[in-house]
Structures are given as structure tokens and as C-alpha cells.
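# fold the stuff below for me.
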Amino acid sequence: MPPDATPMPAPPARSTRRKIGIGLLVLLGVVLLCAPMLVRTFVWQSFNIPASSMVPTLLVGDYIAVSKFAYGYSRYSLPLSPPVFSGRIFGAEPQRGDLVIFRLPRDTSVDYIKRLIGLPGDRIQMINGVLHLNGTPVKRERIADFVHDVMGDGKRIRAKRWRETLPNGVSYETLDLQENGFLDNTQLYTVPAGHYFMLGDNRDNSTDSRVLSAVGYVPYENLVGRVIRVMFSFDGADLRFERMGVPVH
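Residues are numbered from 1 along each chain as shown. From the prediction side, this is the model:
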């Protein structure tokens with residue numbers, strides 16, 4: 001070798017290369033294992049609909065996609081809901097008419113889905129089956145009857161169907177299964193600061209914020225996410241192809 005030549009570095013030993021390869025495989029495995037949990041925690045989560053309180057918007061057997069970042073994150077965004085922080089981070093305010101997954105205030109291990117009707121400070125009352133918001137009846141119009149297995153028991157029934165439109169323009173369908181239902185006339189509710197008022201679209205078959213002892217006002221912290229679409233749906237035996245990928249509002 002000439003006296004001024006620079007010695008070439010020796011190639012890595014085979015054992016060193018093997019260790020690097022094993023380390024990369026381990027890192028890849030950790031990423032693959034953690035990716036679904038990270039998506040479920042921070043991006044979106046799927047839920048299925050086991051009951052009929054949101055008919056006609058959501059049917060029993062629907063599997064829905066829920067945006068986890070729509071309202072920011074609280075402890076209930078995390079697996080097992082550890083009390084590592086209180087309140088919300090990156091919080092965003094929900095809007096009237098949103099379809100919301102939330103944790104039941106009286107039992108935070110239970111997920112509920114309802115439509116957000118009342119914001120903090122709103123006054124809400126049902127009078128003869130008509131929703132009143134801040135002293136004004138919410139606009140609604142009669143549309144064609146809904147014929148479906150509403151109760152999920154295989155028995156098809158016909159129900160009155162209405163299109164309800166909130167003051168912010170959000171429009172959706174509701175059902176009226178019976179005249180003078182148990183919750184067709186209620187007390188006047190005033191939504192506390194930092195809380196929301198939730199109703200089911202199937203008004204005569206929904207335990208919601210009208211029942212203070214069961215659901216009541218829902219704290220902001222308890223909101224899990226906003227429903228964005230039906231991914232797929234089963235009617236008990238067959239796939240409902242017409243509901244695959246359908247956006248909901």
C-alpha cells in the first residue's frame with residue numbers, strides 16, 4: 001500500500017449485520033402491532049348498532065365509522081379510559097344535529113349513541129311530541145310512513161315519520177311510534193354549562209337525556225366521537241348492500 005493511501009474501513013461483521021436486521025424486524029413488528037391501536041385511539045373507531053333507538057337513521061345491525069378527532073381527545077378516547085388527564089385536548093365544539101358516541105354519565109364503561117340536540121344554556125322541552133328549542137317549536141314536516149322491523153324482533157310495523165330541521169339547518173328523520181308516548185310531554189330542561197342534551201331519532205323508543213336518572217345531561221369530556229358513515233350492515237342473516245358506505249347525518 002502506498003504510504004499516503006487511506007485505509008478502507010473494514011465491512012461490518014456478519015454478526016453486526018444480523019443484529020441490525022433483527023432490530024429492524026422488531027421495530028417493524030412493534031409498528032404493525034401499535035398501528036391499529038393508534039388509529040382506533042386517534043383517527044376512527046368502528047361500533048355496531050344493537051338497538052333501535054336511532055331508527056330510521058341507523059338500523060339494528062349497522063356497523064358505523066366514528067371520527068375520533070372530531071371533538072379532540074379525552075380520557076375516553078384511550079383504551080381502558082385511564083385517568084391520565086382531565087378535560088379535552090385539541091378540543092372542538094360539537095354542533096346541533098351531530099350523531100355522537102358518548103360514555104354514559106352514570107356508567108362510563110357503556111357507549112351510547114344519540115343525536116346532539118341541546119348546547120350549553122339551551123332550554124329544551126317536548127310538548128305533544130314536538131321538540132321545542134329555546135321556546136320555539138323545531139320545524140318538522142310529515143313524510144311517508146316508515147315500514148321496518150323497528151324493534152329488531154322480526155315483526156315489521158308501520159310508524160309515522162317526520163323530517164325535523166334544527167335552527168342551524170341540520171335535517172334528519174324521526175319516528176313517532178305512538179300517540180301520547182311516555183316522553184311526548186316532558187319538563188323544561190336547561191342544559192348546564194359544559195354539557196349537552198341528546199335525543200334518539202326513534203323518539204318513543206329511546207332512553208336519552210329526557211330521562212335524567214338514566215342518561216341526563218352529557219359532559220363534554222364524555223364525548224367519544226362523531227358518526228360519519230355506515231360501513232356495512234346485516235339484517236340478522238344477510239348483508240344490506242344498499243347501506244354499505246352510506247354517509248349519515
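
# centre-most residue in the chain?
residue 101 (2.9 Å; Cα atoms, centre = their mean).

# quick check: pLDDT value at that residue.
We note a pLDDT of 97 for residue 101 in this prediction.

# please apply the same query to residue 37.
58.

# try residue 183
Predicted confidence (pLDDT) for residue 183: 95.

# give me the element it is part of.
Using DSSP states H and E, residue 183 sits within no helix or strand.

# quick one: the nearest residue to it once chain neighbours are set aside from residue 90, how far?
Using Cβ to Cβ, 6 or more residues apart in numbering and skipping the chain neighbours, the partner closest in space to residue 183 is residue 210 (4.9 Å). All C-beta atoms are positioned from the backbone trio N, CA, C, and that covers glycine. Relative to residue 90, residue 210 is positioned 31 Å away (Cβ to Cβ, to the nearest Å).

# more neighbours: these two, which one.
residue 210 (23 against 9; other Cβ atoms under 10 Å).

# for the more buried one, which residues are in contact?
126, 183, 186, 189, 199 (Cβ atoms under 8 Å, 6 or more residues apart in numbering).

# wait, the second one touches residue 205, no?
Meaning residue 183. No. If you go by Cβ atoms under 8 Å, residue 183 and residue 205 don't touch, sitting 9.7 Å apart.

# circling back to that earlier point, ok, of the contacts of residue 210, which one's closest to residue 171?
Nearest to residue 171 among the contacts of residue 210: residue 199, at 14.6 Å, using Cβ to Cβ.

# next SSE after the lowest-mean-pLDDT helix or strand in the chain?
Here the helix or strand of the chain ranked lowest by mean pLDDT, DSSP states H and E is helix 14-42, holding a mean of 58. The helix or strand immediately downstream of helix 14-42 is strand 44-48, counting by DSSP H and E.

# now do the same for that next one: mean pLDDT, whole number.
For strand 44-48, the mean pLDDT works out to 89.

# if you count neighbours, what's buried in whatever helix or strand comes next after that strand?
Under the assignment DSSP H and E, the closest C-terminal helix or strand after strand 44-48 is strand 62-67. Buried residues in strand 62-67, counted by 16 or more other Cβ atoms under 10 Å: 62, 64, 65, 66, 67.
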